[in-house]
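Trainee: here you go, sequence then predicted model.
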Amino acid sequence: MRITKTVVDRLAPNSFAWDSGLIGFGVRRQLRSAYYLIRYRVAGKQRYFTIGRHGELAPDQARREAQRLLGEIASGKPLTKVETDSFGEAVERYLAHARARLRPRTIVEIERHLRRYSAPLHSLRLDAVSRRDVAGVLTGYEGSTRNRVRASLSAMFSWAVKEGLADANPVTQTWKLAEPSRERVLSDDELRRLWLVLPSDDYGTIVKLLILTGQRRDEIGKLRWSEINLADATLTLPATRTKNHREHTLALSPQALALLPAKAEGRLFQFNNWHKAKGRVDARAGVTGYRLHDVRRSVATGLGELGVLPHIIEAILNHYSGHRSGVAGIYQRAKSSAEMRDALQRWADHLGQITNS
């Protein structure tokens, strides 16, 4: 397709058209204006150079300039200004990259941070975003929200630097706010009060299984019957559902097995209203100031107090350290499975004693 005025005028926002006669010559329409550009490679990295805006240049003028610039590049002469994507365009490219590597729930958070919270940056050229621009966005938010937005921006710019789309990460020297320490551990009395008021519904069952197993909220909340083996009393989380992307097999105590709903296939639970359900339970139990993730830390602490060795607690939590990698790690995990089962049974029996159940 040859680039003409008609082609440019009909170009949809945030899209490109490339000339069939001159390889590397194209036009990109942003939200309001269209710009002529060339595309080329330096040291294996794709680069863009903006020639000028449509209207100020006619297609034939832009094509002649593109031919001249591409000739200079071929002769080894450097160009003085490299044009990257706009920030908004780079966001979409980064999200496409991240979706293949991160969990869906994480992607939802990152999309909100970059698309909505960072909207003032969208019209800026990616390589022109400054530390002041980033700080201006961050000042609109406080506490953990600010820090999460900052982290998402920093991760995107780190990717952009590696891709050759930006020369530096402008986020690195912006302020990161101090956050309260996440070291909350529920006492035996708090666990007892929660256990005794948990309802006999999906939320109550999920939380009881979290207390019995020490796994993550979504790992239990999204359990499927295909992940349960009743014959050997285990659950096996596939790598796609664990934070460290490693398959995780865990023994289930009789107390945990007794909680499994009477279903034969699909998901064990259909639940997503965590905040409201937790609020009702907390009010009845009189337990406050904790997150469901703190239950996981509380289980680890409780196992330690029962004398369970640290590497067994790590194995139960699916935390991997150096001694669990490689062939030696495979042997160690097999050797530890019986100790993991024993530890979780001791923990379940301890919970039975403190709850009289």
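Mentor: Yes, it's here.

Trainee: what's the burial count for the residue nearest to Pro120 when sequence neighbours are not counted?
Mentor: The shortest distance from Pro120 to any non-neighbouring residue, by C-beta to C-beta, 6 or more residues apart in numbering, is to Val137 (5.7 Å). Where you see a C-beta, it was placed from the backbone N, CA and C, and this is true even at glycine. Val137 has 21 neighbours, counted by other C-beta atoms under 10 Å.

Trainee: would you mind measuring from Val137 to Gly307?
Mentor: Using C-beta to C-beta, to the nearest Å, Val137 is found at 50 Å from Gly307.

Trainee: Ala135 and Gln173 touch, don't they?
Mentor: No. Using C-beta atoms under 8 Å, Ala135 makes no contact with Gln173, being 9.3 Å away.

Trainee: can you pull the contacts of the closest residue to Ala17 other than its chain neighbours?
Mentor: Leaving aside its chain neighbours, Ala17 sits nearest to Val27 (5.2 Å; criterion: C-beta to C-beta, 6+ apart). Contact partners of Val27, counting by C-beta atoms under 8 Å, 6 or more residues apart in numbering, are 3, 7-8, 11, 16-17, 34-37, 54, 59, 62.

Trainee: same thing but 10 Å
Mentor: Contacts for Val27 (C-beta atoms under 10 Å, 6 or more residues apart in numbering) come out as 3, 7-8, 11, 15-19, 34-37, 51, 54, 59, 62.

Trainee: element containing the closest residue to Ala285 other than its chain neighbours?
Mentor: In this structure, Ala285 finds its nearest non-sequential neighbour in Arg193, 4.2 Å apart by C-beta to C-beta, 6+ apart. In this structure, Arg193 sits in helix 188-197 according to DSSP states H and E.

Trainee: same deal with Ile107?
Mentor: Per DSSP H and E: helix 104-111 holds Ile107.

Trainee: what helices and strands are in contact with that helix?
Mentor: helix 87-99, helix 143-162 (3 or more C-beta pairs under 10 Å, 6 or more residues apart in numbering; DSSP states H and E).

Trainee: who does the following helix or strand past it touch, helix- and strand-wise?
Mentor: Counting by DSSP H and E, the next helix or strand C-terminal to helix 104-111 is helix 131-138. On a contact count with 3+ C-beta pairs under 10 Å, 6+ apart, helix 131-138 meets helix 143-162.
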